[in-house]
Structures are given as C-alpha cells and as structure tokens.
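A.B. asks: Got a sequence here, can you model it:
(2 chains)
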Amino acid sequence: MHEFVHELVLQSTAFLSSFLLLLVVAVFAEKILRNTFQRYRRRRYHFYEEKLLAQFAEEPPRLHLGPFKSKHRRDFRIIEQLLLDYACQFRGSIRKEFTYLFEALGYVAYEVQQLKAWRWWVRAQAAKRLGEMGSPQATIALQTALADRNEEVWFMAAKALTQIDNKRAAQPVYQSLSQRLHFGNVSYVFEVVMQLDSEGLASLLATFPRYNTAMQTAVVRALGELKNPQATPFLLPLLADGQHHLAKVDIITALGRLGDPRAIQPLRDLLTNASAEIRQSAVQALGRLQAIEVADAIRSLLDDPDYWVSFRAGEALAAMGELGRKNLHQTLTSRSAQASTMAKYFLAKMA
Amino acid sequence: MGKRILIVEDEEQMARLLSIRLQANGYETIMAPDGEAALEKIATESPDLVLLDVMMPKVDGFEVLRRLGESTPDLPVILLTARCQEADVVRGLNLGAKDYIIKPFSPAELLSRIARCVR
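C.D. replies: All right, here's what the predicted structure looks like:
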C-alpha cells in the first residue's frame, strides 16, 4: 500500500511538472509570436506611412492608389488603419480623396460585410470605421444597422451616419431615437446630438415630440451643450406643456446654456412657480443669461422660503456685475434676515 | 529662404503632416512636442510664426501664449484646436493669438491663414 501511494505521488508530480513546463513554453511562444506580429505590423505600418507622406509632399497633394494595392493579404488591415489614422486629421478635398481610396481599395465593401458579423463588437467596430471613412456607399448598410438590438452598434452606426458626406444620410437616426424605448446609455444620444449641424437639428426637433421622456431629457441636455440658439423656439413651448413636466428642469437648464435672450421672459415667469426645483433652475438659467432686465425679480427671490432658490438668486446677481452688486446692496437693509445674510455673503464674494 | 514656422504639437503624426505640407509650400519648419520645448525653440531659433496646439502635456498652449505675450508679443501665433474646444479659441484669442485652425483641418485653409499672418 505504502509503495502504491509513493508511486502515485511520483507519477502525479511528473505529470504536473510536464504540464507546468508545457504551460510555460506555450506562454513564451505566444509572447514571441505576438511580439513578432507587432514588430511586423509596426514595420509595415511605417513602410506604407512613408509612401503616404511622400504623396503629401507633392503640390497639390494627390493620393494615388498604387502604393496601397498590397499583394500581401495580411497588410490589408494595416493599410486600413494607417489610412484611417490620417483621414481623421483632414477636412475638405483631401478628406474626399481618402474616402475615394477607401472605396477603391475595397475597405468600404469589406466593412459593410463586417456589419453582418454575429459578434456585436465586430459590427460596432465596422460601423465606427465606416463613419471614419465617410463614404456615402455605406449609407444604406449603416441605416439598416440602426435596427441592431445592440446599443453600441446602434450608437456607432448613428454616429457614422452623421459623419457621412450626405446630409440626408442621418435622417433615419432621429426617427430611430423615437423607436428606442429603453436606452441604457444616455451619453450615446448625447454624443450623436452633438454632431448635428443646423439641418440635422431641425430634423431632430421635428421628431422630438415622439420620443419618450428619458430620450427627450437626453436630447434636451445635449441641446443645451450644443449652444445653438436655433433650438430655443422648439424648447420654449415645452415649458408650458404639462406632459413634459419631468424634463422641465432639463429644458430650463438647456435654455440657460443656449444663451438666447428670447428665453428670458418665459424663464422670468417661472420664478413664481410653485415648485422650488423649477424656481431654482429658472433663476440659475437667468444668471447664466446675465438677464439684467429681470434683476428686480431675481432680487425678490433672495427672500425665498427655499434656501437653494435664495442661494441661486444671490449667485445670479453676483454674475451680473455692477447691476447685480447694486441689487445686493439694496437688499442689505432688507427686513428679511435670510435675504440680507445672502446679500452680505455674495457681496463679500464679489469683493 | 522661406519663412520659418514653429509647429508645437504633441501628436507626432499631426506634426509630421503639418511639417510636410508646409515644406511643400516653401516654408521652413521646426517642431516642438510640448510647451516647454516650444519656448526654448522660440528663444533659440526665432521663428516667424507659431502653430500652437492648445492641449499639450507639461506646459499647455495657454501658458505658452501668456509667456509669449510677455516676451515676444509681436510673434504671430495660430492656435490648433479640436471642434469641441471652441471656448478655448475665445480664451486663446484673448491671450493674443492671431488666428485659429480647427482640427480636423483643410490644408488649403491652413495655408491661406498662415500666408495672411506672415505677410
């Protein structure tokens, strides 16, 4: 029995040692292979980079297909990466030449094919690359990808459509926003909206009433960041609309950020709203707009029963410079202890 | 001899591209990867114009602009900035920059802006 156990231990140890040895060899081999591949990749990348840069040294610069028609299939993705790295640095006619290269070398067709891959990350990467290539040839494939169940793929396709050199390409993006009921990543909507030009903005706002509240909130926040006063006439009616109550604070904040004086009067009307949250965001937005014409109304909020409304009123007056200072001074002698304390605090801060 | 342009850009690819395009149009170029190196090159190589990236490691573009305003206020500076950094453009122009270029850029636009500044 003792001998049997001894034999068993010996054999197990031998087996384990050979397994470990094999594992170490496999790890090393993988490392060596990966390093060799990376070195190859780097070498080939620089090889093609020199050829590309040589074309930029011409006056006017012309991109020729020749140097990038590789006989090596393994260089296909290396050249694609190189061209993408450089294409994103340019606007104008050179950007269009890059797009032509992507089309002529077969990259657009290849990535369109990849949009049908079963792995979502491959589809997402393909959509991202197609956006960077900016080829109108990918429009239909990308528009189809807007129906993808995966959010990342939707986002990459939506963003890609805003990058394509065809104004109409992005139209279905705004339609598809209204069809997405559950959207986990609000920042995706945000980023797509941030890509809009004036025409895209008009299309987005035309479909806005059909979005659900979460989507509307995301869009409204992005509009505020976009700082395009064109959005003001679309946002103002939403302030009066009862069904947008949840998004109201976001609409008010966005109006403050847009910097459009047309929002001053409607925001002033909200200073007497029953909700402290709305009064607070309205006064903050008026401060952002430097609305000196409603300084009196803002001053009256220094005495608001809600501390934060009163604080934001002080902050808004302090942002208005000399006129704000004058209003804060007048409040120093107020009967309300809260108003005079707030005025004293902000005057000290201004000094 | 062509006008001498200092390219202050931390992205090597972008810096090389700018340099090649400018050299193809008869300019002489010097490159600096960050603000500190840029200030050194301005002192030693006396360029005719600076192409200055705003976002850089160590000393950023604004600090370079501020220091240039004190030492060489007549040296024209063109800012290189991304599309989403438009607030930076205002800050840069207030600090004395002559013009700005938004990345991604159009080479033709870049050349005409440079030509206007060094004329």
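A.B. asks: show me what contacts the residue of chain B found nearest chain A?
C.D. replies: Across chain B, the shortest distance to chain A (Cβ to the nearest Cβ) belongs to B:S106, at 3.3 Å. Where C-beta positions appear, they are placed from N, C-alpha and C, glycine not excepted. The neighbours of B:S106, taking Cβ atoms under 8 Å, 6 or more residues apart in numbering or on different chains as the test, are A:F90, A:R91, A:G92, A:S93, A:I94, A:R95.
A.B. asks: of all these, which comes closest to A:W118?
C.D. replies: Distance to A:W118, by Cβ to Cβ, is smallest for A:R95 among these, at 32.4 Å.
A.B. asks: re earlier: return only those of the contacts of B:S106 found close to chain B.
C.D. replies: Restricting the contacts of B:S106 to those adjacent to chain B (criterion: Cβ under 8 Å from any Cβ of the partner chain) gives A:F90, A:R91, A:G92, A:S93, A:I94, A:R95.
A.B. asks: Tell me who's in contact with the fourth one.
C.D. replies: I take that to be A:S93. Remark: with contacts taken as Cβ under 8 Å, 6+ apart, A:S93 is in contact with B:S106, B:A108.
A.B. asks: change it to 7 Å
C.D. replies: The neighbours of A:S93, taking Cβ atoms under 7 Å, 6 or more residues apart in numbering or on different chains as the test, come to nothing; the list is empty.
A.B. asks: Kindly report the same for the first one.
C.D. replies: Residues in contact with A:F90, defined by Cβ under 7 Å, 6+ apart, are A:F98, B:P104, B:F105, B:S106.
A.B. asks: Apply 10 Å and report the result again.
C.D. replies: By Cβ atoms under 10 Å, 6 or more residues apart in numbering or on different chains, A:F90 lies in contact with A:P61, A:K96, A:E97, A:F98, B:L17, B:K103, B:P104, B:F105, B:S106, B:P107.
A.B. asks: how far does the helix or strand encompassing A:L21 sit from the chain's center?
C.D. replies: When elements are assigned from DSSP states H and E, A:L21 belongs to helix A:2-56. When C-alpha coordinates are averaged (Cα atoms, centre = their mean, to the nearest Å), helix A:2-56 and its chain have centres 39 Å apart.
A.B. asks: what's the average pLDDT for stretch A:313-333?
C.D. replies: Per-residue confidence for stretch A:313-333 averages out to 87 on the pLDDT scale.
A.B. asks: cool, stretch A:255-273 as well?
C.D. replies: If you average the per-residue pLDDT over stretch A:255-273, you get 89.
A.B. asks: How about stretch B:24-41?
C.D. replies: 91.
A.B. asks: Identify the residues contacting the residue nearest the centre of chain B.
C.D. replies: The centroid of chain B falls nearest to B:L51 when counting by Cα atoms, centre = their mean (1.2 Å). If you count contacts by Cβ under 10 Å, 6+ apart, B:L51 has them with B:5-9, B:15, B:18-19, B:22, B:29, B:31, B:77-80, B:101, B:110, B:113-114, B:117.
A.B. asks: neighbours around the residue in the stretch 101-250 of chain A that chain B sits nearest to, how many?
C.D. replies: Per Cβ to the nearest Cβ, A:M194 is where the stretch 101-250 of chain A lies closest to chain B, at 7.5 Å. Summarising burial for A:M194: neighbours were counted as other Cβ atoms under 10 Å in any protein chain shown, giving 15.
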